[in-house]
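Enquirer: sequence first, then the predicted structure, then my questions.
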Amino acid sequence: MNILVLLKMVPDVVEELEVGPDGKSLDTSFLRTILNERDDHALEQALLLKDRLGGKITVLALDAPDMDDVLFTALAKGADRAVKITGAPEGLTTHGAARLCAQAIAGGPGLLPADLVLTGVQALDDLDGLAAPLLAQQLGFAYVGVVTGVTADGPNATVIKEYAGGVRGEFAVRLPAVLGVQAAEKPPRYVPVAKVRAVMKAQKIETVPAPAEAGAALVEVRQMAKPVVSSHAEMLEGSPEEIAGKLCELLAKRGLL
Amino acid sequence: MPANIWVLAEAWRGQISETTLEVLALGREVAGQLGAPLEAVLLGHNAKPLAASLGAADNVLYADHAALADLTPEAGAAALVQLIKERQPQAVLVPSTNLSMDIGALAAAQLQAAFVGGCKDLKADAGTLVAQCVVYGGKLEAAVAATTTPALFGVLPGSRPADAGRSGNVPAVADVAVTLPEAKVKFNRYLEPDAGDVDITQQDVLVAVGRGIQTKDNMELAESLAAALGGAVCGSRPVIDQGWLALSRQVGKSGMQVKPKLYIMLGISGAPEHVEGIKGAQLIVAVNTDATAPVFNVAHYGVVGDALEIAPALTDAVKAKKG
């Protein structure tokens, strides 16, 4: 089984986010980025499939700050190849990035044929399409999103998709397919830093130049701002004990104790 | 007359979803602003009677096909693409749910049309539709216009009250034929949630746990607080993904819609996927270390602090008060 996993960095929303001077994009100075959480799950799902069925995992990403660390970590976890697409234009939307990745997959050395392409079902900055369906369309692969489980058997896969209310659906998928992963069957595995360091010495990240045409964005962001808040919580202050006391009174007054 | 505004209606397991009604209400407003007709598109199999509850639209296009019974993204998108090409609406509003988001995004990819994600509002500005979109987990919002016609918009649940999309009108229903390609993806079956666990949709008091709880061992703090208050523990996505709580305890988009009298949120940032599950909560108390977390925009009472300190203090205080 040949699996490609697409990884992408996103802003760490634990940090304060500011709008840039143009008033319509994120201020990227001092921005801390992390691997898109759903992509981390896509990688884990690929690793689980490899554990069960054998095969080869290639992780693929557009170059970005801290991307090398993420790719080496993926190799340390068990991915076989890491490929970085360099020289892509800045500020690509999801649509542009997906088109570019699809071209890189089609033209990159030894990336196809692939049985599965796994990536996160969504990223925090998706305003212009979703990566997985765009890739599926470009590559002519089958597609299922919001995936929480995959088993594969020859030319077919059984894929679990999440709906609402805890209900899931089971689908028979003819490979090759692109899957938008919501969550792997198990939490993403931990890999010790020492192992990542060893991989950094022993293995290399391959690079491929970005294809010439990314394709124009299909949306125009006119303005970006912090949400206008129609209501805000009444904030309680003090020591934990004082706050607990105030909350208790509030709950008692409402008959909740 | 401007080209039609469409709403992709969701008929899931024999019912029109609440989110469909919400999106219809938004679609009605937008169509009014543009002076355009509003049409609902219903894809299904033997589901025509459900069109009767889509009366907020001027009319309904109903496509019946065996492959549309339990929708795959592929079949739904193929049908939608075909209808869009034939009838050329200017915009299609798609519920941003796990069911329909896939269909809308795949259809847009096939049409090379924009799919504007995370829309909480939509309005016409000089004849152009501009969406107000939630990005970066709710930390920022963007005003976004599409550069293609047609354009598809993924509308978040809760954009309008569902009641605003209910109508006593009986809409005209037109049968439309679709031809679907040979399927690469086939629906097998539904997997129901595990029965036997606590039904969090029926609890009056819920203590909800998020990423801020940090470790599995700390879950005990939430359990103790829930026990003291006579309620149950539930969680947001990261906690479920870690396997610290069963899937049946998840609140939000993929999980449950809850309506407790008291909802205490420990270390939950308030991303839209979670918040859409707590619209029915009467009193919301949020504890988070990040003073700018979006959760404080939905909570009634907020505490900037560490849930690991506040939860045990509150447990003690509740126990003392109850005697």
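Expert: Right, received. Where do you want to start?
Enquirer: OK, contacts around the closest residue to residue B:98 other than its chain neighbours?
Expert: Take residue B:98 and drop its neighbours on the chain: the residue closest to it by C-beta to C-beta, 6 or more residues apart in numbering or on different chains is residue A:146, 4.5 Å away. (C-beta placed from N, C-alpha, C; glycine too.) The neighbourhood of residue A:146, defined by C-beta atoms under 8 Å, 6 or more residues apart in numbering or on different chains, consists of A:121, A:161-163, A:180, A:182, B:98, B:101-102, B:254.
Enquirer: quick check: which element contains residue A:146?
Expert: strand A:142-153 (DSSP states H and E).
Enquirer: ok, residues contacting the host helix or strand of residue A:169?
Expert: Using DSSP H and E, residue A:169 maps to strand A:168-174. By C-beta under 8 Å, 6+ apart, the surrounding residues in contact with strand A:168-174 are A:142, A:144, A:148, A:155-163, B:70, B:72, B:184-191.
Enquirer: ok, stretch B:278-287 next?
Expert: Taking C-beta under 8 Å, 6+ apart as the rule, stretch B:278-287 contacts A:233, A:247, A:254, A:256, B:158, B:206, B:208, B:212, B:251-252, B:257-268, B:270, B:293, B:295-296, B:298-303, B:305-307, B:310-311.
Enquirer: what subset of those is buried?
Expert: Neighbour counting with 16 or more other C-beta atoms under 10 Å in any protein chain shown marks A:233, A:247, A:256, B:158, B:206, B:208, B:212, B:251-252, B:257-268, B:270, B:293, B:295-296, B:298-303, B:305-307, B:310-311 as buried within those.
Enquirer: in strands, which of the contacts of stretch B:278-287 fall?
Expert: B:206, B:208, B:262-266, B:301-303 (DSSP state E).
Enquirer: quick check, nearest of those to residue B:4?
Expert: residue B:263 (40.1 Å; C-beta to C-beta).
Enquirer: the closest one contacts residue B:208, doesn't it?
Expert: Yes. The pair residue B:263 / residue B:208 is scored as a contact, 6.3 Å apart, by C-beta atoms under 8 Å.
Enquirer: next, the contact list for residue B:199, please.
Expert: Residue B:199 touches residue B:248, counting by C-beta under 8 Å, 6+ apart.
Enquirer: hmm, back to that, in terms of pLDDT, where does the residue nearest to residue B:98 sit?
Expert: pLDDT, residue A:146: 97.
Enquirer: now do residue B:196
Expert: Predicted confidence (pLDDT) for residue B:196: 68.
Enquirer: okay, strands next: where are they in the stretch 101-250 of chain B?
Expert: B:114-125, B:128-135, B:140-146, B:151-155, B:172-176, B:185-191, B:205-209, B:232-235 (DSSP state E, counting those that start in this stretch).
Enquirer: mind putting these into TSV with mean pLDDT?
Expert: Shown next, in TSV, are these (pLDDT from 0 to 100):
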stretch	mean pLDDT
strand B:114-125	97
strand B:128-135	97
strand B:140-146	97
strand B:151-155	98
strand B:172-176	98
strand B:185-191	97
strand B:205-209	98
strand B:232-235	97
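Enquirer: got those strands as a markdown table, with distance to chain A columns?
Expert: Shown next, in a markdown table, are the strands of the stretch 101-250 of chain B (distance: least, C-beta to the nearest C-beta, whole Å):
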| stretch | distance to chain A |
| --- | --- |
| strand B:114-125 | 4 |
| strand B:128-135 | 6 |
| strand B:140-146 | 4 |
| strand B:151-155 | 8 |
| strand B:172-176 | 23 |
| strand B:185-191 | 4 |
| strand B:205-209 | 7 |
| strand B:232-235 | 12 |
